[in-house]
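*Asks:* Got a sequence here, can you model it:
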Amino acid sequence: MGYPPVYPQEIKYRRASLERRLYAYLIDYITVWLFSSLVRNIFLELILFIFLWFILRVIVVAVNKGQSLGRWAVDLKIMDARFQRIPPVHILAKREGIIALISFLAMIGLKINFHDFLLMLLLLVPIVLDAIGILIDDEAQRAFHDRFCDTIIVSTQRGISLDLKIKKLWRQAKQNWLSRGTNRR
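*Replies:* Reported below is the predicted structural model:
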């Protein structure tokens with residue numbers, strides 16, 4: 001299956017780094033996981049997970065100019081690679097359907113933990129394979145679900161830069177701790 005190419009000269013926006021994409025994904029993933037893990041039936045848990053995922057990653061994104069909770073926290077947004085605007089809802093639904101399924105498998109794998117290590121690894125493989133696309137594709141930095149739906153994740157000025165604020169607080173705390181250690185001697 002051929003994917004439409006994304007050329008750097010056509011992109012007017014700065015690409016999101018893998019680290020920021022991971023932070024945004026983890027914020028959304030943990031938010032959905034916390035609520036869906038309250039259900040003990042695996043079938044109901046799947047339905048609740050997908051329902052909450054679609055609310056957070058499709059409806060909120062469509063209403064909030066391309067940003068979910070996690071993307072807003074780290075200043076990212078999703079765009080259609082071809083038209084450089086927020087993708088239509090049906091594209092978002094297709095994209096997030098893929099991510100929801102592999103995220104749910106990862107959630108089950110993480111719940112298994114080390115009781116069955118091989119099964120845990122097998123359930124984590126789809127999400128790892130999907131993310132490898134970002135590392136392989138140097139110029140466009142798109143995961144396989146981005147390629148399939150022709151979307152890109154770009155940096156934006158709209159958000160709270162949570163990742164940058166945490167890094168700044170960490171550096172300040174580390175400097176304060178180090179300065180206290182030198183003052184005691």
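*Asks:* When you work out contacts or count neighbours from here on, use the C-alpha atoms and nothing else.
*Replies:* Noted.
*Asks:* I'd like to know how far Asp163 sits from Gly70.
*Replies:* Asp163 sits 10 Å away from Gly70, going by C-alpha to C-alpha, to the nearest Å.
*Asks:* actually Phe83, sorry about that
*Replies:* From Phe83 to Gly70 the distance is 23 Å (C-alpha to C-alpha).
*Asks:* So between those two, which is more surrounded?
*Replies:* Gly70 (26 against 12; other C-alpha atoms under 10 Å).
*Asks:* contacts for stretch 164-181?
*Replies:* Val74 (C-alpha atoms under 8 Å, 6 or more residues apart in numbering).
*Asks:* that older thread, which residues are common contacts for Asp163 and Gly70?
*Replies:* Joint contacts of Asp163 and Gly70 (C-alpha under 8 Å, 6+ apart) are Tyr23.
*Asks:* And stretch 44-52, how far out from the chain middle?
*Replies:* Put simply, stretch 44-52 sits 18 Å off its chain's centre (C-alpha atoms, centre = their mean, to the nearest Å).
*Asks:* which parts of that stretch are buried?
*Replies:* Going by neighbour count (16 or more other C-alpha atoms under 10 Å), the buried part of stretch 44-52 is 45-46, 48-50, 52.
*Asks:* Using CSV, write out every CA atom in that stretch.
*Replies:* Output in CSV follows, covering the C-alpha atoms of stretch 44-52 (Å, rounded to 0.1, in the frame of the first residue of the first chain):
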residue,chain,number,x,y,z
LEU,A,44,-16.9,-3.8,29.3
GLU,A,45,-13.4,-2.5,29.9
LEU,A,46,-12.7,-2.6,26.1
ILE,A,47,-15.9,-0.8,25.3
LEU,A,48,-15.4,1.9,28.0
PHE,A,49,-11.7,2.3,26.9
ILE,A,50,-12.7,2.9,23.3
PHE,A,51,-15.6,5.1,24.2
LEU,A,52,-13.4,7.3,26.5
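*Asks:* Tell me, how many residues neighbour Asp138?
*Replies:* Neighbours around Asp138, by other C-alpha under 10 Å: 9.
*Asks:* Next: the one 4 residues further on.
*Replies:* For Arg142, the tally of surrounding residues (other C-alpha under 10 Å) stands at 26.
*Asks:* same thing with Asp116?
*Replies:* Per other C-alpha under 10 Å, the neighbour tally for Asp116 reads 10.
*Asks:* ok, now the one 3 residues further on?
*Replies:* Look at Leu119: counted by other C-alpha under 10 Å, it has 16 neighbours.
*Asks:* any idea whether the residue nearest to the spatial centre of the chain is helix, strand or coil?
*Replies:* Of all residues in the chain, the one closest to the mean position by C-alpha atoms, centre = their mean is Tyr25, 2.3 Å from it. Counting by DSSP: H, G, I helix; E, B strand; the rest coil, the backbone at Tyr25 sits in helix.
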